[in-house]
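Trainee: below: sequence and its predicted model.
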Amino acid sequence: MYKRQVGNDTSHLYDGKTVRSGAPSRKKAAGKITSSTEIPKDAIPEVTIPSFVESLFGGPLVPKMKFLPAAKNVQNLQFASAGAMVVLAVLTYIVTPQVGTPWFALGDILDIPAIGTALHVLIILGSIMTGFWGIFQRDARFLLGSYVLFILISLRFAASTVTFSADLLPDSEGAQKSLLVLYAVFLVMYIELSNGVIRFSMLDTSIRTGEVYVMNEKKVLSRYQASLILTPLIAGTVAFLTLFVNVIIPWFIQVIDDTAALRMSESVELTSVYGVALGTMLVFLVVAGMFAINLPLRIQQFRESSDD
């Protein structure tokens, strides 16, 4: 009986088989594939026709974004921005009467004053409703609509005198200017807080999905909260210094000469637009001096050294 010798020879494993060193024939493989004229669905790209606004700006003006459920810090920003919006709506109703607006002119032309009043109130209510929806749904499109309505209703100040729609305060110059400063500060605060809701929602979603890694997230949030308190205080102080320059300058002059201080307080230049321009110039000189000594860098170095 013949017995195959077992060794290093493995040629018996390929007996009756054809061994190829190259790749299989493509012609042979192509002959086995059934031909079909149907185009695969994944090969068809999605085509979105842009709207007129998107074509005008080269893309979506405010893209819609999807976020994870709001975290605690985002919820705090939502409530803060909603509160600032309510205060802003009340101040808007007080400092922006319908006199001097296009809808007031429309009601005057039609001899129906109620039309101007109704449109005025509807614009304020529309800014509140779109603001609430944009804040709690975190939709930047509705927030943009709320910003536009709040700014639209205040455009009357560009062409009319400063008057109030409700006699809630005495007719004093200080009260009027204080209300205007508060209105401007709360308008900026509302825009900043509502934008903070969108920005921190994006950051929180990126962190929770693992797209980015942020060290000391609580420290970033605490510094943002500190800036929310410090920045309005600085802006309000600067605005008060600018608008009350006709009171501040005579107050300093009074130390030297009471008569000169009285004359300056009754000066037409200081109580007119020239006084506001003078106050603006003084404020810009102070700001320029701060940048000349590089105060922002010194503050940053001090904060970094205190953190260490």
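Mentor: Structure received.
Trainee: report pLDDT for the most centrally placed residue in the chain.
Mentor: Nearest to the geometric centre of the chain sits Asn195, at 3.4 Å (Cα atoms, centre = their mean). Listed pLDDT for Asn195 reads 89.
Trainee: what are the buried residues along the strand or helix carrying it?
Mentor: Using DSSP states H and E, Asn195 sits within helix 173-208. Within helix 173-208, the residues scored as buried using 16 or more other Cβ atoms under 10 Å are 176-194, 196-198, 200-201, 203-205. No exception for glycine: its C-beta is placed from N, CA and C like everyone else's.
Trainee: do the same with stretch 233-249
Mentor: Within stretch 233-249, the residues scored as buried using 16+ other Cβ under 10 Å are 236, 238-240, 242-249.
Trainee: repeat that for stretch 116-128.
Mentor: So, applying 16+ other Cβ under 10 Å, buried residues of stretch 116-128: 116-117, 119-120, 123-124, 126-128.
Trainee: what's the average pLDDT for it?
Mentor: On average, stretch 116-128 scores 86.
Trainee: one step back: helices or strands up against the helix holding Asn195?
Mentor: On a contact count with 3 or more Cβ pairs under 8 Å, 6 or more residues apart in numbering; DSSP states H and E, helix 173-208 meets helix 72-95, helix 113-136, helix 140-152, helix 217-243.
Trainee: list the contacts of the second one.
Mentor: Right, the one you point to is helix 113-136. For helix 113-136, contacts defined as Cβ atoms under 8 Å, 6 or more residues apart in numbering pick out 78, 81-82, 85-86, 89, 92-93, 97-98, 101, 103-108, 139-146, 149-150, 152-153, 190, 194, 197.
Trainee: and the angle for that helix with helix 140-152?
Mentor: 140 degrees (axes from the mean of the first three to the mean of the last three Cα atoms, to 10 degrees).
Trainee: and the last one, by the same measure?
Mentor: With the same axes, to 10 degrees defining the directions, helix 217-243 sits at 10 degrees from helix 140-152.
Trainee: elements contacting whichever helix or strand comes after helix 217-243?
Mentor: Later in the chain than helix 217-243, the nearest helix or strand by DSSP H and E is helix 245-253. The contact analysis (3+ Cβ pairs under 8 Å, 6+ apart) places helix 245-253 against helix 258-265, helix 268-271, helix 273-292.
Trainee: which one of those helices lies closest to Met65?
Mentor: helix 273-292 (35.9 Å; Cβ to Cβ).
Trainee: which elements pack onto the closest one?
Mentor: Short answer (3+ Cβ pairs under 8 Å, 6+ apart): helix 273-292 packs on helix 217-243, helix 245-253, helix 268-271.
Trainee: quick one: contacts of it?
Mentor: By Cβ under 8 Å, 6+ apart, helix 273-292 touches 238, 241-246, 248, 267, 269-270, 296.
Trainee: distance from that helix to the middle of the chain?
Mentor: When C-alpha coordinates are averaged (Cα atoms, centre = their mean, to the nearest Å), helix 273-292 and its chain have centres 27 Å apart.
Trainee: list the contacts of the helix or strand that that helix is followed by.
Mentor: For helix 273-292, the following helix or strand on the C-terminal side (DSSP H and E) is helix 295-307. Residues outside helix 295-307 that contact it (Cβ under 8 Å, 6+ apart) are Met290.
Trainee: can you rerun that using 6 Å?
Mentor: The contact list for helix 295-307, computed with Cβ atoms under 6 Å, 6 or more residues apart in numbering, is empty.
Trainee: kindly report the same for stretch 192-210.
Mentor: Under Cβ under 6 Å, 6+ apart, the answer for stretch 192-210 is 67-68, 71, 74, 77-78, 80-81, 84, 135, 138, 140, 143, 212, 214.
Trainee: how near is Leu125 to Ala261?
Mentor: 47 Å (Cβ to Cβ, to the nearest Å).
Trainee: before we move on, what about Met65?
Mentor: As judged by Cβ to Cβ, Met65 and Ala261 stand 57 Å apart.
Trainee: neighbour-wise, which of these two wins?
Mentor: It is Ala261, of Met65 and Ala261, that has more neighbours when counted by other Cβ atoms under 10 Å, with 17 against 12.
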